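> Sequence plus the predicted model coming up.
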Amino acid sequence: MSRKNSFLKDSFITLVRQGTSIVIGTLLIVIIARVLGGELQGQYALIITFPTLLVTFINFGLNTSTVYYVSKGEIDPREAFVNNFIIGIILGFVGVAAGASFIYLYGGLAFPNVPFKALYLILLVVPVMVLNSLFQTIFQGIQDFKIFNTILVITQVTNLLLVIVLIVLLDFELIGALMAFTFGHLATLIFILAFFINKYKIPLTSIRLNFSYIKKSFRYGFKSYLSNLVTFLNYRINIYILGFFVNPLAVGVYFTALNLGEKLSVFTQSISTVLLPRIASMATKEERNKLTSIVSRFTLIFMILFAVFVFLIIDFITPILGNDYIETPFLLKILLPGISLLAVEKILSNDIAARGKPEVNMYVSIFNVITSTALNIMLIPEFKAVGAAIATSISYSLSFLIKAFLFRKISGENFINFLLIKKEDFNLISSLLKRQNFVNKMKRQ
């Protein structure tokens, strides 16, 4: 199978499984929003964002470096698994200690109107999330996208089933939603451990650290670490600013709109997931430029058309969510332009990182989080959730513009090549889909 055909096949497999994930994820959003109501949904958003933030703080970019070195063949997957397992356990408990200390010292300021018991409870998921993050990227590095995407679906399915049992049937409300979130990640970890140990037959005698690999992983990963950290802050800091200046109800309404909007980008994430290891393994600059340009062109036109469609139908969701969420469709409409452009920005960011320049993404992310924070602080006190949506959309759009200029400089491609759709793109997709080798394999899967 040719590289282009293989890329399309991997992207399609990822798209199908992440398409399943988007359906399940949307059901989760609707059920939790409907059953908990706006205020508890806001508390839920503030609480589950906290362990994700901790994991982002403590992973030091090791997930990114795992993809990079495994895809380049510089580390065996089994050895990467063992090293990531040991490091992941250590980092996980560091995260729990750091989180507990933060709650004890600053919980009242950072989490107003949020029960401390729930915050301490959610810390139990931190080691699990760290290990899942480090293990999942091994499958991405070896380009085993069947397992990679199965992992995503397991997390979502388990979470959904437990949400139905715990908060719909048993009425456990907020604690039930948090338990479902935690056990969803735990089920994923159990699956990964069982699959990897069974497939690779890892003996206990092989459990030792490769300090050379760890050293270079931290060195490469740290460049991506700062970028990923400030990028996450850029995506989520307004939730805490909104909670600080307004209340959990405003957070719940905004968080629901943001989550629904981010589900739209799952289609581009499926391609972006495949793109990073593929770019890292390519030998020539011309190959990289051509692949990324095609992907970014299709991503932009697809997201624009999809955003227009969502804009026209989103008002019908209010009766489904409930009266607390009357403002949610309007917030999503504000977010759509930024979310559409951010999808392309992620494609360009993955390309830049795969070329061995993750520090470029870091510098842009630092600028973005400063700009985003300033916009949120200026707009939220007066415009509340609407201000948060405006700040987010502006920040996402600005990030896209900067990455487009930087990608042009690094790759040498002009803007037309990677932003405007071409006639030959449709001919390319048509010819790839008609190849019997690809189509037959798709049918068998």
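Everything's here; your move. Numbers count the residues shown, from 1 in each chain.
> Show the low-confidence segments of the stretch 1-150 of the chain, by residue range.
By pLDDT under 70, the low-scoring segments of the stretch 1-150 of the chain are 1-19.
> mind listing the helices for it?
For the stretch 1-150 of the chain, the helices defined by DSSP state H, counting those that start in this stretch cover 3-58, 62-71, 77-110, 116-122, 126-141, 145-163.
> Now render these as JSON lines, adding distance to K346 and mean neighbour count.
In this view, the C-beta of every residue, glycine as well, is placed from N, C-alpha and C. What follows is the helices of the stretch 1-150 of the chain, written out as JSON lines (distance: least, C-beta to C-beta, whole Å; neighbours: other C-beta atoms under 10 Å):
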{"stretch": "helix 3-58", "distance to K346": "14", "mean neighbour count": "20"}
{"stretch": "helix 62-71", "distance to K346": "13", "mean neighbour count": "26"}
{"stretch": "helix 77-110", "distance to K346": "24", "mean neighbour count": "17"}
{"stretch": "helix 116-122", "distance to K346": "27", "mean neighbour count": "17"}
{"stretch": "helix 126-141", "distance to K346": "14", "mean neighbour count": "24"}
{"stretch": "helix 145-163", "distance to K346": "16", "mean neighbour count": "20"}
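> which stretch among those helices comes nearest T292?
Closest to T292 of those is helix 3-58 (C-beta to C-beta; 11.1 Å).
> which residue packs closest to N414, ignoring adjacent ones?
Spatial nearest neighbour of N414, chain neighbours left out: R408 (6.7 Å); criterion: C-beta to C-beta, 6 or more residues apart in numbering.
> okay, now the one you found: neighbour count?
Applying other C-beta atoms under 10 Å, we find 16 residues neighbouring R408.
> Run through the residues that contact it.
By C-beta atoms under 8 Å, 6 or more residues apart in numbering, the contact list for R408 reads N414, F415, F418.
> Can you give me the pLDDT of the first one?
As predicted, N414 sits at a pLDDT of 87.
> Same check on the last one?
F418 is assigned 80 on the pLDDT scale.
> any idea which helix or strand carries it?
Following DSSP states H and E, one finds F418 within helix 415-419.
> So what touches that helix?
So helix 415-419 is contacted by N289, T292, S293, S296, R297, L300, V344, L348, A404, F407, R408, S411 (C-beta under 8 Å, 6+ apart).
> Weed out the non-buried ones from the contacts of R408.
With neighbours counted using 16 or more other C-beta atoms under 10 Å, the contacts of R408 contain these buried positions: F418.
> if we can go back for a sec, with T318 as the reference, measure out to the residue nearest to N414.
Distance of R408 to T318, given as C-beta to C-beta, to the nearest Å: 41 Å.
> now do G387
Taken as C-beta to C-beta, the span from G387 to T318 is 21 Å.
> Among those two, which residue is more densely surrounded?
Comparing G387 with T318 by other C-beta under 10 Å, the one with more neighbours is G387, at 25 against 16.
> May I have the residues that are in contact with that one?
Counting by C-beta under 8 Å, 6+ apart, G387 touches N376, M378, L379, I380, P381.
> ok so, going back, centre of the chain to the helix holding F418, how far?
Remark: helix 415-419 is offset 25 Å from the chain centroid, using C-alpha atoms, centre = their mean, to the nearest Å.
> then it to CSV, C-alphas only?
Extracted C-alpha coordinates of helix 415-419, given in CSV (Å, rounded to 0.1, in the frame of the first residue of the first chain):
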residue,chain,number,x,y,z
PHE,A,415,-0.7,30.5,1.7
ILE,A,416,-2.6,29.4,-1.3
ASN,A,417,-1.0,26.0,-1.3
PHE,A,418,-2.1,25.1,2.2
LEU,A,419,-5.3,27.1,2.7
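> quick one: buried residues of the host helix or strand of T318?
Here T318 is covered by helix 318-321, with elements defined by DSSP H and E. For helix 318-321, the neighbour count (16+ other C-beta under 10 Å) marks T318, L321 as buried.
> for N210, what are its contacts?
I75, E79, N83.
> What does it show for phi and psi?
Backbone geometry at N210, expressed as degrees, to the nearest 10, gives phi -100, psi 100.
> Please name the nearest non-neighbouring residue to T56.
F232 (4.6 Å).
> L420 contacts S296, doesn't it?
No. With contacts counted by C-beta atoms under 8 Å, L420 stays clear of S296, the gap being 10.1 Å.
> So between those two, which is more surrounded?
Comparing L420 with S296 by other C-beta under 10 Å, the one with more neighbours is S296, at 28 against 12.
> Just the mean pLDDT for the helix or strand hosting that one, thanks.
Taking DSSP H and E as the criterion, S296 maps to helix 285-313. For helix 285-313, mean pLDDT is 83.
> Enumerate the positions of it that are buried.
Quick answer for helix 285-313 (16+ other C-beta under 10 Å): 288-300, 302-304, 306-307, 310.
> quick check: mean pLDDT across the helix holding T318?
Helix 318-321 comes out with an average pLDDT of 86.
> Can you check what angle separates the helix or strand that that helix is followed by from helix 62-71?
With elements assigned by DSSP H and E, the helix or strand that comes after helix 318-321 is helix 328-354. Put simply, helix 328-354 runs at 50 degrees to helix 62-71, going by axes from the mean of the first three to the mean of the last three C-alpha atoms, to 10 degrees.
> Output the contacting helices and strands for helix 328-354.
Applying 3 or more C-beta pairs under 8 Å, 6 or more residues apart in numbering; DSSP states H and E, one finds that helix 328-354 contacts helix 62-71, helix 248-263, helix 266-281, helix 285-313, helix 318-321, helix 358-383, helix 385-411.
> same for the fifth one, what does it pack against?
Same thing as helix 318-321. When contacts are defined as 3+ C-beta pairs under 8 Å, 6+ apart, helix 318-321 packs onto helix 3-58, helix 328-354.
> go again using 6 Å as the cut-off
Helix 318-321 sits against helix 3-58, with contacts defined as 3 or more C-beta pairs under 6 Å, 6 or more residues apart in numbering; DSSP states H and E.
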